[in-house]
Structure formats: C-alpha cells, structure tokens
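# any chance you could fold what I've pasted below:
(one chain, ligands or ions: 1)
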Amino acid sequence: MAGSDDTRAAPARSVAVVGAGVSGLAAAYRLRKSGVNVTVFEAGDRAGGKIRSNSEGGFLWDEGANTMTESELEVSRLIDDLGLQDRQQYPNSQHKRYIVKDGAPVLIPSDPISLIKSSVLSTKSKFALFLEPFIYKKTSTRNSGIVSDEHLSESVGSFFERHFGQEVVDYLIDPFVAGTSGGDPESLSIRHAFPALWNLEKKYGSVIAGAILSKLTAKRDPVKKTSDSSGKRRNRRVSFSFLGGMQSLIDALHNEVGDGNVKLSTEVLSLACSVDGVPASGGWSISIDSKNTGSKEFGKKQAFDAVIMTAPLSNVQKMKFMKGGAPFVLDFLPKVDYLPLSLMVTAYKKEDVKRPLEGFGVLIPYKEQQKHGLKTLGTLFSSMMFPDRAPSDQFLYTTFIGGSHNRDLAGAPTTILKQLVTSDLRKLLGVEGQPTFVKHVYWRNAFPLYGRDYNSVLEAIEKMEKNLPGFFYAGNNKDGLAVGSVIASGSKAADLAISYLESRTKHDSSH
Ligand SMILES: Cc1cc2nc3c(=O)[nH]c(=O)nc-3n(C[C@H](O)[C@H](O)[C@H](O)COP(=O)(O)OP(=O)(O)OC[C@H]3O[C@@H](n4cnc5c(N)ncnc54)[C@H](O)[C@@H]3O)c2cc1C
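Below is the predicted model:
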C-alpha cells in the first residue's frame, strides 16, 4: 500500500484511475496485471461509460457503442487475455451496408467492381476515384514534409473534396462521419478525425495509392501482423460485438479489475499533487464525493503514487487541482464541443416490415435528409445482424438522431422521436403501423467534436501531463472515438504510469 512504513521491501505502488469507461477499465486491468494496486473511481452507478447493454421482453440492445473492431493490437491481446474469443459475435452479412440515394437505400460498394456498377456515385465521381493515384503523385509539394498551417487545420470535407470531389463528400464521407462521430465534414479536422489518412497523404500524396502501398508493406512486416496466440491472422476491419452485447466486455474487465477496486457512485472532486512526489505520502491526494451509502471512504482523502484520468475534459474542468499546496488552474484548457445524440430502439412485427433489408444498417446523407424530409442519421438492423436479440417474429432496429447537423432534434421528447423514426423507417423499409417496443436513450455529450482547432485541446492535455508529475490522460477526448482506440489509449497510459512508478522506485532507492 502507498504510505506503508515497511522500509525493508519496495512498497507496492498505487494508482488512481478516474472513470470506469472502457479506457479506464483497460488501464486498470493493465496496471493490475503488472502488480500495481489500483482504485477506479466512477461517478456513475455502473461501470462502462458510453458502453451499456440492456435487455427486456426478449430484446437485447446496446445503448452506446454497438460494435467494435480489432483495430489495434491491444484489443486482440485484451480479448485473448480476458478469454472473450468464444463470446465474440460477428454480425450476419456485415459487409452489406446501405446509403440513401434519391430517397431509397442503395448498397455501398465494397470493391472496385461493385463501385463501377453502383448508382451511389455519378460517372464523374467514379473517374475521380480511379484517377486520384495519378493526380496526387508523390512529387506533390505536400510531400516535402512541410505542411502549411492551412493544411494543419484542414477540414475533413475539404480534404476529401480535394482528392475525390464534392459528391464523395456528400454521399460517402458525410454519412460515415455522422454515423461514427455525430460530426459533419466541415467542422471535423482531417488531422485529428482521420490521422491515418492525413499521414498517408503526407507520405504518399495519393490516399488510395498510399492505402494500397501501406497494406502491402504491413503484409511484409511480421511485427505489424495482427494474429492471435495460435498465430491465426485476425481481420482488423471486421466489426463484432459479444454474446450478451458490448456489456460483456465491460463485465469481464470489471471482474478482472476486482469489484472492490472499482468505486461506483464516487465522483472525484479534487486532486492534489506534491511537487516532486514525496514517496511516503504517495505524491497524489484525491478527494471524492461518494453517493454510496455506508461507504467508508466518504469525504476521505486518499493517497496514490500516480493518476490516470479518463473522465471527459468537460468533467476535468470542474475538478480542482492543486500542485505543491497552490491551486493549479486549468484556464489553459479550451472548452471542448460535445455533440448530443438520441438513440431510439424500436421493434416491429416482421409482417409489418414490407421491404426489410439484410445487413448491417443504413446511413442517411445530410443532402438526402434535406431533399426527402428524412430526420434520422441512420439505423442499425440490430436483429438482422444478431438474430438472438429479438423474439423470432420481430425485427429490432437502432436509430440515431442528432449530431452536429441536428443538435436540437437530439434532445426532442420520446413521443416526437418515435414519430420521426417510424416515419423514416416507413420510407426506407416499408414499415407499417406502430412499433411494438420503444426505448429512448439521450446522450447529451455523446461525442467530443474533433474540430479544426482540436490541436489546442491536445496541447493543453500535454501541458497538464508535463506539469503534473505522475498524471496521465487517456480516453476518447484524446486518442480517437472508437472503442478499439480508447482501449489502446488506456493501455498506453497504464504503460506510461508503470514506467513512471519504476523510475520513482529507482529514484527512492538511490536516496
Ligand atoms: C451512442 C453512441 C454510440 C457509439 N457507437 C460506437 C460504435 O458502434 N463503435 C465504436 O467503436 N464506438 C462507438 N461509440 C464511441 C465509444 O463508445 C466511446 O468513444 C468510448 O466508449 C468512450 O470510452 P471512454 O472510456 O473514453 O469514455 P467514457 O465511456 O465517457 O467514460 C468516462 C467515465 O468517466 C466518468 N466520470 C466523469 N467524471 C467523473 C468524475 N469526476 N469522477 C469519477 N468518474 C467520472 C463517467 O461517468 C464515465 O463513466 C459510441 C458512442 C456513443 C455515445
């Protein structure tokens, strides 16, 4: 324990993790595996943050993230370590994804041949796609390594418009970014929302040629291969969930971290850091407000050697920080813009859905919303993907409303949203009558917007980490929104904390 007066052996170090979302739990899991004492503080009454599954009346649905990918090596390792491989659940026909064009769902082409045949894009846009590798050659000035300020803050829309034209932005990029981040192409920064593509352009000029070349290089590089413990290759692009929903991942992590180490209904209010970390005091003192009746920790200050913060920055801004007895004011931390989103789960009798579609789901470009009076961002075909999530005579759908184009609508009452969802599903899938089942979840701060000035946010995080010894920040306000990215973010923060603790131990034993 921190503060132990046993001087014969090096004392076990302790780390506080703030937030029991998937990034905080992934960090805590990694720390525990390395023999570090860990306490996770979670303001809410459950672990999981933006991951939450629920069930009722034979239906099972996710209220936050619905699927994830093994985009990062850390994800595959974690799934193996937790023994979750057998519980991974892959959606049926997951490559069948639809986009609305001229008011009706059209299959998104998944390869060059189907792109040529597809009606999603005009002939002009198809040419633009095929010509991009020849137009954006490696000799472009953007590849000199010098990137101008204008390009550092370039929007997603401008980047894709330069490479592929406006129709690609309107019909492929806009619905994709709305569906994955609630954002819109003009507000989002290409550098922060799609860092891999931004880097491809810097390196290769052409995004398409760059993607092909880097894939070939990765194939040749054994280190970059994503393979499981048996050496079997794993597809990093395939989406999946778990039997029992995404909650199964959270429950497995929670279980491994240990129930007693995760303090639910416990809000961190203030954090104080002694300047260079006096070993006996642990270096950090954290004060909490626990709504857990009977909690022994109520109002108590607790000592730790390091802190991993995973709470959204809007919450961090409300916390009080002290350094060496003086206030450490976070006035340099810019205000982050969060996008609101409503998620509507609805079910219909199978005979009431006249044009059901097999596959993953349908996205509605903003242009089509305006032209055809559609109000929703898109719908996941939840029980088509996972038939065990609804009684066999019903279809279950998960529809999203809001995001940066429709902020006000996100907060509309359930009755209004039910009408809008029913109306859109009537137009797209031929749904008749009213849903047999409705659940509404409103996320006021669903996603941080990685806007064009997001660099100032990342710089402020860096400043906190630099000025507060033993403080590490992780989660979706920093390293990407996808579940895989935040797992990697939490794991990376844990590794940094472990290195910090090791350097402290060496420092202490040499004095
Ligand atoms: C509706 C929706 C759908 C999504 N769909 C997908 C998807 O299909 N695929 C995908 O990859 N991603 C998806 N995402 C994104 C993904 O779910 C999130 O980016 C990710 O789960 C965020 O994890 P996190 O740990 O960084 O943050 P969070 O989950 O936000 O966790 C932060 C935690 O900190 C806690 N906290 C805050 N303040 C304090 C305090 N003072 N003291 C203690 N605790 C505090 C909060 O209560 C919260 O539990 C979706 C997100 C939403 C909202």
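
# which other helices and strands contact the longest helix belonging to the chain?
Looking across the chain with DSSP state H, the single longest helix is helix 483-509. Under the contact definition 3 or more CB pairs under 8 Å, 6 or more residues apart in numbering; DSSP states H and E, helix 483-509 sits against helix 22-33, helix 73-81, strand 306-309, strand 471-473. Glycine gets a C-beta too; all of them are placed from N, C-alpha and C.

# pull out the buried residues from stretch 57-73.
Judged by neighbour count using 16 or more other CB atoms under 10 Å, the buried positions of stretch 57-73 are 59-73.

# just curious, which of the residues you listed is nearest to G433?
Lowest distance from G433 to the buried residues of stretch 57-73 (CB to CB) belongs to F59, with 17.7 Å.

# for that closest one, give its distance to D408.
In this structure, F59 lies at 29 Å from D408, with CB to CB, to the nearest Å as the measure.

# kindly report the same for K335.
As it turns out, when the distance is counted by CB to CB, K335 lies 20 Å from D408.

# residue numbers of the stretch 1-150 of the chain in contact with the ligand?
When proximity is defined as CB under 6 Å from any ligand atom, the stretch 1-150 of the chain approaches the ligand at 18-24, 41-44, 49-51, 64-68.

# ditto for the chain
The chain comes close to the ligand at residues 18-24, 41-44, 49-51, 64-68, 267-268, 310-312, 315, 341, 343, 443, 446, 475-476, 481-483, 486, as judged by CB under 6 Å from any ligand atom.

# which of those fall in helices?
Per DSSP H, the subset of these in helices is V22, S23, G24, N315, V483, V486.

# quick check: chain neighbours aside, which residue is closest to the third one?
So that's G24. Distance criterion CB to CB, 6 or more residues apart in numbering; nearest residue to G24, sequence neighbours excluded, is T310 at 4.0 Å.

# hmm, Y136 and V207 touching each other?
Yes. Because the distance of 7.1 Å satisfies CB atoms under 8 Å, V207 is recorded as touching Y136.

# common neighbours of the two, please.
H163, E201 (CB atoms under 8 Å, 6 or more residues apart in numbering).

# do you have the helices of the stretch 151-300 of the chain handy? List them.
Using DSSP state H, counting those that start in this stretch, the helices of the stretch 151-300 of the chain run over 156-164, 166-168, 174-181, 190-193, 195-204, 207-220, 247-257.

# is it possible to export those to a markdown table including mean neighbour count?
Formatted as a markdown table, the entries for these read as follows, by neighbours: other CB atoms under 10 Å:
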| stretch | mean neighbour count |
| --- | --- |
| helix 156-164 | 21 |
| helix 166-168 | 17 |
| helix 174-181 | 23 |
| helix 190-193 | 23 |
| helix 195-204 | 17 |
| helix 207-220 | 14 |
| helix 247-257 | 21 |
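
# could you identify which of those has the lowest mean pLDDT?
In terms of average pLDDT, helix 207-220 trails the rest of these, at a mean of 81.

# ok, whichever residue of the stretch 151-300 of the chain sits closest to the ligand to F127 distance?
Proximity to the ligand, evaluated over the stretch 151-300 of the chain using CB to the nearest ligand atom, is greatest for V268 at 3.8 Å. Taking CB to CB as the measure, V268 and F127 are separated by 55 Å.

# likewise Q85?
Shown here: Q85 relative to F127, a distance of 44 Å by CB to CB.

# also S287?
For S287, the distance to F127 - CB to CB - is 62 Å.

# higher neighbour count, those two?
In this view S287 and F127 are compared by other CB atoms under 10 Å, and S287 has more residues nearby, 16 against 12.

# please name the bridge partners of the more buried one.
S270, K301 (DSSP bridges).

# next up, the contacts around it.
By CB under 8 Å, 6+ apart, the contact set of S287 is V268, L269, S270, L271, A272, G299, K300, K301, Q302.
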